[in-house]
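>>> Using only what follows, build the 3D model:
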Amino acid sequence: MKYKKKKFFYKKHFGQCFLKNKKIIDKIIKTISPEKKKYTYCEIGPGLASLTKPISIFLNKLFVIDIDKDVFKYFKKKKFFSNKVVFFLENVLKFNFLNIFKKKKIKIFGNLPYNISTILILKLLKFISIIKDMNFMFQKEVALRLFAKPGNKNYGRLSIIVQKFFKIFILFDVNPSSFYPKPKVFSTFVRLEPIESIIYNYKYIKILEKITFIAFQQRRKMIKKNFSSLFSENFLLKLGINPNDRAENIPKEKYYAMSDYIIKKNIFI
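Okay, here's the model as predicted:
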């Protein structure tokens, strides 16, 4: 299904809900605090340039990434391709930030398509060494999952992994009427800042992803059953984990400890 406004077709399969509220746009720009010389800036999902255009005023160069050929054509037609805007017509889930930005610190921002927001955050972990911060518009439900605590229904893989590597700042909620087409849910603007004291080991990230996947694949089962082929009940007890608990009741630090153990013992999972 497609949505049409001002001769532009909105594609539902891309999860497009384009921001139109100027007050919110100004608020986002103030939050990002763009500076010309200090960092490199990259926008994901620029849409109709409602954020791209005003924020580029503060920058010497702005990189944007979008998979939609019609968005690319729109930018080209509107002559947004100045010396400031560099457009990558690519799938951001396959985009190699290191190839483009090398060791430059980048500030990534955008009104993320709801259908890729969770997987994108996990993909971006691969490039965390060059990320200064990320400022994203999420579906409110996703924002709640980011900072959820054990025992909360929103607590899960995303909570555990993101909280290991990022400081999370829930900044403000955004009403559905601020977008076109109008979504059925509220959105939340969030900033994620890498924790500087963390040593980023990509192997550790992948292990943590696997451990949490195993734990939450059947989240209603007792953890001893989910981990039956990997950890004994005695081992779980030594870590201070009740084998009869469910995945959602186990503190994030215990998942980190399990991942550390896998790395230390060089266990294949």
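>>> Show me the helices in the protein, by range?
Secondary structure of the chain by DSSP state H: the helices cover 22-32, 52-56, 69-77, 97-101, 117-124, 140-146, 157-165, 202-217, 223-226, 233-238, 252-265.
>>> Burial-wise, tell me which of those helices comes out on top.
Stretch with highest mean neighbour count among those: helix 157-165 (a mean of 21; mean count of other C-beta atoms under 10 Å). C-beta here means a position set from N, CA and C on the backbone, and glycine is covered the same way.
>>> can you tell me which residue is nearest the centre of this structure?
For the chain, I121 is the residue whose C-alpha lies nearest the centre (C-alpha atoms, centre = their mean; 2.7 Å).
>>> low-scoring stretches of the chain, by residue?
In the predicted model, the chain carries pLDDT under 70 at residues 1-16, 80-81.
>>> Distance to E90 added to the helices of the chain, as JSON lines?
JSON lines is the format used below for the helices of the chain (distance: least, C-beta to C-beta, whole Å):
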{"stretch": "helix 22-32", "distance to E90": "22"}
{"stretch": "helix 52-56", "distance to E90": "16"}
{"stretch": "helix 69-77", "distance to E90": "10"}
{"stretch": "helix 97-101", "distance to E90": "10"}
{"stretch": "helix 117-124", "distance to E90": "13"}
{"stretch": "helix 140-146", "distance to E90": "23"}
{"stretch": "helix 157-165", "distance to E90": "24"}
{"stretch": "helix 202-217", "distance to E90": "22"}
{"stretch": "helix 223-226", "distance to E90": "36"}
{"stretch": "helix 233-238", "distance to E90": "43"}
{"stretch": "helix 252-265", "distance to E90": "31"}
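>>> out of those, which comes closest to I108?
Nearest of the helices of the chain to I108, taken as C-beta to C-beta: helix 117-124 at 7.2 Å.
>>> how much does the closest one deviate in direction from helix 157-165?
40 degrees (axes from the mean of the first three to the mean of the last three C-alpha atoms, to 10 degrees).
>>> Dump the C-alpha coordinates for helix 117-124 into CSV.
Coordinates of each C-alpha in helix 117-124 appear next as CSV, following Å, rounded to 0.1, in the frame of the first residue of the first chain:
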residue,chain,number,x,y,z
SER,A,117,14.8,0.1,14.2
THR,A,118,15.6,-2.8,16.5
ILE,A,119,17.7,-4.7,14.0
LEU,A,120,19.5,-1.5,13.0
ILE,A,121,20.6,-0.8,16.6
LEU,A,122,22.2,-4.2,16.8
LYS,A,123,23.9,-3.8,13.4
LEU,A,124,25.3,-0.5,14.4
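>>> Quick one: list the elements packing against that helix.
In terms of contacts (3 or more C-beta pairs under 8 Å, 6 or more residues apart in numbering; DSSP states H and E), helix 117-124 is packed against strand 131-139, helix 140-146, helix 157-165.
>>> Just want the angle from that helix to helix 202-217.
150 degrees.
>>> Could you list the residues in contact with helix 117-124?
Contacts to helix 117-124, defined as C-beta atoms under 8 Å, 6 or more residues apart in numbering, come from residues 44, 92-93, 97, 108, 112, 131, 134, 136, 138-139, 142, 145, 158, 161-162, 192, 209.
>>> redo that, cut-off 7 Å
Residues from elsewhere that reach helix 117-124, judged by C-beta atoms under 7 Å, 6 or more residues apart in numbering: V92, L93, L112, I131, M134, F138, Q139, V142, L158, I161, V162, E209.
>>> With respect to Y39, which of those is nearest?
Distance to Y39 across these (C-beta to C-beta) is lowest for I131, with 10.1 Å.
>>> The closest residue to F172 other than its chain neighbours and L171, how far apart?
Spatially, and ignoring its direct neighbours in sequence, F172 is nearest to F189 (5.4 Å; C-beta to C-beta, 6 or more residues apart in numbering). Separation of F189 from L171 (C-beta to C-beta, to the nearest Å) stands at 5 Å.
>>> who has more neighbours, the two?
Neighbours were counted for F189 and for L171 using other C-beta atoms under 10 Å; F189 has more, 22 against 15.
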